[in-house]
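Trainee: need a 3D model of the sequence below.
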Amino acid sequence: MTRPRWNDREAAGLTEALPLLAYRSRLLAADRSVCNIYGGNTSSKSIERDHLGREVPVLWVKGSGSDMADCSERAFAGLKLDEVMPLLDREELSDEQMVAYLERCAFEPGRPRQSIETLLHAFCPHPEVDHTHPDAILALACTARGEAAAREVFGERMVWVDYVRPGFELSRRIALTLQENPKAECVVMGKHGLVTWGATSKECYERTLAIIEEAEAAVREAKRRVWVGGGEDLDLPAEEWLPALRGALCTNRRYVLQTDRSPRAREMVDTPGAERLSAIGAACPDHLVHTRRVPLWLDLRGERDAPSAVREAVSRYRTEYEAYFRRHAHSGEEMFDPIPRVVLVPGYGIVTAGGDSAQADVSRQLYNRAIEVIEGAEVIGGFESLTEGEAFGIEYWPLELYKLTLRPSPRELDGWIACVTGGGSGIGRATCRALHARGAHVVVADLDESAAVGVAGDLGDGRAIGIRCDVTNEASVEQMVVRCVEQWGGLDLLVCSAGIATSAPIEEISVEDWRRNFDVLTLGCFLPTRAAFKVWRAQGVGGSLVAVTSKNALVAGRNASAYSAAKAAAQHFTRCMAEEGGAIGVRANCVLPDAVLEGSAIWDSAWRLDRAKSYGIKPEELEEFYRQRNALRVNILPEDVAEAIVFLAGPRSAKTTGCSMTVDGGVSAAYPR
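Mentor: Below is the predicted model of the structure:
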């Protein structure tokens, strides 16, 4: 049930139309059963003074592509209403003509492009107007007996309009119908949504909620559930099939997956008949760009070869989508990547795909709304969606696709997934930051869990998680990779940066210290790489390994034989991985830093004292000592090494493998030869 959120004390300080409109919009979108993410639009008509001081009637309407849940006053376009209203007298107007005309009606420069449904708001003869897509209203509007079902709830207080794609025709049809029905309290649009209004912002908000609550009561009175669940858990670990799914989707670009295993998601996918209902079509035009017309139904129960079954299912979906496109495309239209954005997996839940985790989450949110709409519509009169042609008209509608152009420009590693061991400090921390800045999703793994979580928290925005990982422990490493797969669907980049260092003459090195160096620096590279190769092989779209070795992997280190030998072993292991990984598109490269003191947990330990002693200098003189011994006379910072790692990890070095890149300012003894 919708819950009123209007607070008179909060609203009392908002005396002008636009601040009140933004406030009302945020309240509506605070409940996603009322307003979809990025969906709906609201408006207010007010008298404003223009740049010449003249009083001008202005329509404030939500701009295209913004989300009402966090909208500010700047999210609204302003149009001179007296210049917009003459359009009501026209008989027809193309989308292109409408957009060009409305651009000339702008009241203020620098505001966003007006909503697709601006004319609906302009033509509606009321000061405040809400257009929303509430679950309960769509349950009425998406049934085979939609008008009759809605009439049973609202009677003559409602104006019904059959489905027409948003734009001039729909707006004009609603306006003319309201002229014939001046006492109407709302408009219900078939397969689309709701329009409500009021004399004040508060009255409009309260009427919107009141109308929705009536529809919700009608759905409840049907007293029947469609989603009943009851299925057993899928007897397949996610790591055995999710990477194959992601790989099947990532043939043209990288996608990030998100899983929804909530009780409601399970009820839906485990219900007999869910496959049939899910294939009927989208529950709302607003969903289409993010969910596609239909999801992929992926039943892996009883499959002996789940990865093959996954790839075959995605291939069938692609073929069917391509045929759908050919049936409806006009000359010049370019097909989207023909992959499912929503995958329904009985016994598991819902998997959604997006260019990043935020986009995948939009698809997840919208399909959760579809679950509610489909159930309500099925109970009331049988779920009915847009026709295939109507759906295509929305999915490839230029005015809808304009919203996609508002997204930020793509970054180098958008959609890529990385694991960084030793990510809690020093080089690992700088690498996590550099990968994240270029768009990657990053698992920050470190023996110090609080440090890993801290780095991930600093990165923020849902594209980083911090976990504890002991790279010398097989189970801990396997769990790191499983967590990565469960979080985002797979893995693209592995950076082995976890490290330790000890210094002592050979006769003073204990067996324990020798083994510890090899455990962390060599076994700690082998175990994550082995786990990553399993994912890369299942995904089938390649992968990238970067091992952080050392100048000491090439140059004998005085009083550092355990450390140097272990680094050399890790270096050669990585070269072996270049040979082994080539056949499946996996690249393996090394970065060889020297003397990275800043922010390093290693250099904050006894290693600093021991290295200074080996060189016969004071610990505080180490930075200058290292600067003077390289050709460029520079100190090496964690960020310098991170830049080399990102280069070798990503697409700029797509044809480089088996490489050893030094980042040491030029230590001649370490020049590869």
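Trainee: poorly predicted segments of this protein, please.
Mentor: 1-2, 599-608, 610-611, 673 (pLDDT under 70).
Trainee: relative to S561, how far out is the residue in it sticking out farthest from the centre?
Mentor: Most distant residue from the mean C-alpha position of the chain: E507, 55.1 Å away (CA atoms, centre = their mean). The spacing between E507 and S561, counted by CB to CB, to the nearest Å, is 11 Å. Where you see a C-beta, it was placed from the backbone N, CA and C, and this is true even at glycine.
Trainee: check D361 too.
Mentor: Counting by CB to CB, the gap from D361 to S561 is 50 Å.
Trainee: likewise N635?
Mentor: 25 Å.
Trainee: kindly report the same for C124.
Mentor: 81 Å.
Trainee: quick one, which of these two is more surrounded?
Mentor: C124 (22 against 19; other CB atoms under 10 Å).
Trainee: quick one: contacts for the more buried one?
Mentor: Counting by CB atoms under 8 Å, 6 or more residues apart in numbering, C124 touches I174, A175, L178, V195, W197.
Trainee: who's in contact with the closest residue to G193 other than its chain neighbours?
Mentor: Distance criterion CB to CB, 6 or more residues apart in numbering; nearest residue to G193, sequence neighbours excluded, is H133 at 4.2 Å. Listed by CB under 8 Å, 6+ apart, the contact partners of H133 are C35, N36, G39, G40, H192, G193, L194, C284, D286, R369.
Trainee: which of those residues fall in strands?
Mentor: G193, L194 (DSSP state E).
Trainee: give the contact list for the closest residue to E240 other than its chain neighbours.
Mentor: Residue nearest to E240 in three dimensions, not counting chain neighbours: A306, with 5.8 Å by CB to CB, 6+ apart. Residues in contact with A306 (CB under 8 Å, 6+ apart) are L236, E240, W241, A244, L300.
Trainee: which one of those is nearest to V471?
Mentor: Minimum distance to V471 across the contacts of A306 is 23.3 Å, recorded for E240 (CB to CB).
Trainee: my guess is the closest one contacts S308, does it?
Mentor: No - at 11.8 Å, E240 does not count as touching S308 under the criterion of CB atoms under 8 Å.
Trainee: more crowded one of these two?
Mentor: Taking other CB under 10 Å, E240 and S308 do not tie; E240 has more neighbours (16 against 11).
Trainee: before we move on, back to that, buried ones from the contacts of H133, can you make that a PyMOL selection?
Mentor: To isolate the buried members of those in PyMOL, using 16 or more other CB atoms under 10 Å:
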select buried, resi 35+36+39+40+192+193+194+284+286+369
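Trainee: got a markdown table for the contacts of H133, with distance to F518 too?
Mentor: Below are those laid out as a markdown table (distance: CB to CB, whole Å):
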| residue | distance to F518 |
| --- | --- |
| C35 | 58 |
| N36 | 55 |
| G39 | 57 |
| G40 | 60 |
| H192 | 65 |
| G193 | 64 |
| L194 | 67 |
| C284 | 59 |
| D286 | 57 |
| R369 | 54 |
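Trainee: in helices, which of the contacts of H133 fall?
Mentor: R369 (DSSP state H).
Trainee: ok, the contacts of H133 vs V485, which is closest?
Mentor: When the contacts of H133 are compared against V485 (criterion: CB to CB), the nearest one is R369, at 27.0 Å.
Trainee: please list all residues in contact with G658.
Mentor: R575, A578, E579, A588, N589 are the contacts of G658 under CB under 8 Å, 6+ apart.
Trainee: mind doing that once more with 7 Å?
Mentor: For G658, the contacting residues are R575, A578, A588, N589, by CB atoms under 7 Å, 6 or more residues apart in numbering.
Trainee: run through the bridge partners of the last one.
Mentor: Beta-bridge partners of N589, counted by DSSP bridges, are V546.
Trainee: what is the burial count for it?
Mentor: Neighbour count for N589, taken as other CB under 10 Å: 24.
Trainee: what distance do you get for it to R54?
Mentor: 66 Å.
Trainee: then W241?
Mentor: 65 Å.
Trainee: which one's more surrounded, those two?
Mentor: W241 (24 against 8).
Trainee: quick one: the more buried one and P307 touch, right?
Mentor: Yes - between W241 and P307 there is a contact under CB atoms under 7 Å: 6.2 Å.
Trainee: show me the contacts of A306 that map onto helices.
Mentor: Counting by DSSP H, the contacts of A306 place A244 in helices.
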